[in-house]
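In: just the structure for this:
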Amino acid sequence: MTLTNNIIINIYSILILLVIYHNTNKLDNEQKFNDKIFKSMIKLTSVLLFIDILSRFDGNPDSFYFFFNHVGNFFIFLLSPVLASLWLLYVHYQVFNLEKKTRKLIKPLIGINLLNAFLVVLNLFFGWFYYIDINNIYNRGPYFLVSTLFSVILILFASILIIRYRNNIGRKYYLSLALFAVPPLISIVLLILFYGISIVLNSIVLSLLIAFLYIQNKSMGTDHLTGLYNRKRFESYLKEKINSSTRNRTFSAIMLDINNFKTINDTFGHEMGDKALEVSGKLLKSSIRTNDFLARYGGDEFFLILDISNQRELKATINRINDKINEFNSRGVYPFELYFSMGYAIYDYKSKMGVNKFLKHIDNLMYEDKEEYRQSLLFK
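Out: Numbers count the residues shown, from 1 in each chain. Prediction:
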């Protein structure tokens, strides 16, 4: 592949990454841990693509080409395992969804990258991995394969995590995470077998695009704790439902609040508080149809949007939710019990209520129910 072709492919790859980065920022401002890792991968891949251009000035004897060739190859070998390390961190967080647990990997990964850095610096004197001859030609060293092991082992370890804990990941997430490693690994094999073919970084761009389309894009509308839709996605969906409502086709909404959530947190700790939120999400999900919309609105509040336009069906859904809650409490699996206050209504197309007004209406109904619950406790 000619220098010009390499430059063009790398520039296109950088432009794709810029579009992904722009859309990542546009879709989410919360800056969750996995989003920060993903953005770091985009930035580092962009830098490596630029550096890769410098490393392509083979066979040009001029002094500044010689300098570019040395600098480019040095940083490619130095930073490649860093990119693989970021991918491992990203996968670990997607699998376990625990920032504290994922952060424990950072120190050992720093150790691995420091070891690689030490060997890459020694390579300048011994040419183990690569060397640049007097004609400014890049040559592989006798231990070139060792230099690829750092990245390959980290990528394979991430793949093992994905397969081992696939039940922790949604089907679409699982397939996308599993596919991420395929293009880079194929490119590394091609690099080893066919001298002069190096499209590893370009293949990583393809993997990042897959991750953005099927993981990041969806996770930006998802609550990280419960796996349900988040407030931002809910408000967008509610707006769509209101705008598409007609006289013959409307919808229902249910707002729910955990009555005793503060007591659970204060009595059993925040870990059990988180568990209460997760369990609530699962119970609500099991009470509705697959095409119904369920979101964690914030704190201990949840919202349901249902394609229901009559009171009988809406009341049947309310009863199913109450039955699921009573069944959960009767089993006594956890040290806490769950109770919900609910506000619910069918959207009246004729009212022309906007998002905020309809939310206020549902919110008022829920607080009326919560007040009744409090009054019932006083007279027990």
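In: just checking, what packs against the lengthiest helix in the chain?
Out: Of all segments of type helix in the chain, defined using DSSP state H, the longest is helix 63-96. Helix 63-96 makes packing contacts with helix 33-54, helix 99-103, helix 106-126, strand 130-132, helix 144-164, helix 171-180, helix 200-211 when contacts are defined by 3 or more Cβ pairs under 8 Å, 6 or more residues apart in numbering; DSSP states H and E. Yep, even glycine has a C-beta here, placed from its N, CA and C like the rest.
In: that helix to helix 106-126, inter-axis angle?
Out: 160 degrees (axes from the mean of the first three to the mean of the last three Cα atoms, to 10 degrees).
In: now helix 63-96 against helix 33-54, angle please.
Out: 160 degrees.
In: flag every buried residue along helix 63-96.
Out: Of all the residues in helix 63-96, those buried under the rule 16 or more other Cβ atoms under 10 Å are 65-66, 68-70, 72-95.
In: on that earlier part again, just name the most buried of the helices and strands packed on helix 63-96.
Out: helix 200-211 (a mean of 21; mean count of other Cβ atoms under 10 Å).
In: hang on, the earlier thing: out of the helices and strands packed on helix 63-96, which gets the lowest mean score?
Out: When the helices and strands packed on helix 63-96 are ranked by mean pLDDT, helix 171-180 comes last with a mean of 79.
In: reformat the helices and strands packed on helix 63-96 as JSON lines; add distance to residue 239.
Out: Listed next are the helices and strands packed on helix 63-96 as JSON lines, based on distance: least, Cβ to Cβ, whole Å:
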{"stretch": "helix 33-54", "distance to residue 239": "24"}
{"stretch": "helix 99-103", "distance to residue 239": "31"}
{"stretch": "helix 106-126", "distance to residue 239": "40"}
{"stretch": "strand 130-132", "distance to residue 239": "56"}
{"stretch": "helix 144-164", "distance to residue 239": "35"}
{"stretch": "helix 171-180", "distance to residue 239": "25"}
{"stretch": "helix 200-211", "distance to residue 239": "28"}
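In: out of these, which is closest to residue 334?
Out: helix 99-103 (21.4 Å; Cβ to Cβ).
In: averaging pLDDT per element, find the lowest-scoring helix or strand in this protein.
Out: helix 217-219 (a mean of 60; mean pLDDT, DSSP states H and E).
In: quick one, domains of the chain?
Out: The chain is divided into the following domains under automatic domain parsing: 3-219, 231-378.
In: what mean pLDDT does the shortest one have?
Out: For domain 231-378, the mean pLDDT works out to 91.
In: ok now it, how far from the chain's centre?
Out: 26 Å (Cα atoms, centre = their mean, to the nearest Å).
In: repeat that for the first one.
Out: Counting by Cα atoms, centre = their mean, domain 3-219 is centred 18 Å from the centre of its parent chain.
In: could you identify the helix or strand that succeeds the least confident helix or strand of the chain?
Out: Elements were assigned by DSSP states H and E; along the chain past helix 217-219, the next helix or strand is helix 231-244.
In: how many neighbours does residue 182 have?
Out: 14 (other Cβ atoms under 10 Å).
In: how many neighbours does residue 135 have?
Out: The burial count for residue 135: 10, using other Cβ under 10 Å.
In: next up, the contacts around it.
Out: 59, 61 (Cβ atoms under 8 Å, 6 or more residues apart in numbering).
In: then residue 238?
Out: Residues near residue 238 by Cβ under 8 Å, 6+ apart: 253, 303, 305, 355, 358-359.
In: recalculate using a threshold of 10 Å.
Out: Applying Cβ atoms under 10 Å, 6 or more residues apart in numbering, one finds that residue 238 lies in contact with 251, 253, 293, 295, 303, 305, 347, 354-355, 358-359, 362.
In: let me have those in TSV, extended by neighbour count.
Out: Output for these, formatted as TSV (neighbours: other Cβ atoms under 10 Å):
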residue	neighbour count
251	19
253	25
293	19
295	26
303	24
305	21
347	19
354	13
355	14
358	19
359	18
362	20
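In: quick one, which of the helices and strands packed on helix 63-96 is nearest to residue 260?
Out: helix 99-103 (26.6 Å).
In: all helices for the stretch 201-350 of the chain, in order.
Out: Along the stretch 201-350 of the chain, the segments classed as helices by DSSP state H, counting those that start in this stretch run 217-219, 231-244, 261-268, 270-287, 311-331.
In: could you check the angle helix 270-287 makes with the third one?
Out: When you say that, I think you mean helix 261-268. Angle of helix 261-268 versus helix 270-287, following the same axes, to 10 degrees, is 140 degrees.
In: buried sites along helix 261-268?
Out: Neighbour-count burial for helix 261-268 [16+ other Cβ under 10 Å]: 261, 264-265.
In: and of the domains of the chain, who's closest to residue 225?
Out: Using Cβ to Cβ, the nearest of the domains of the chain to residue 225 is domain 231-378, at 6.0 Å.
In: tell me how far residue 330 lies from residue 264.
Out: 18 Å (Cβ to Cβ, to the nearest Å).
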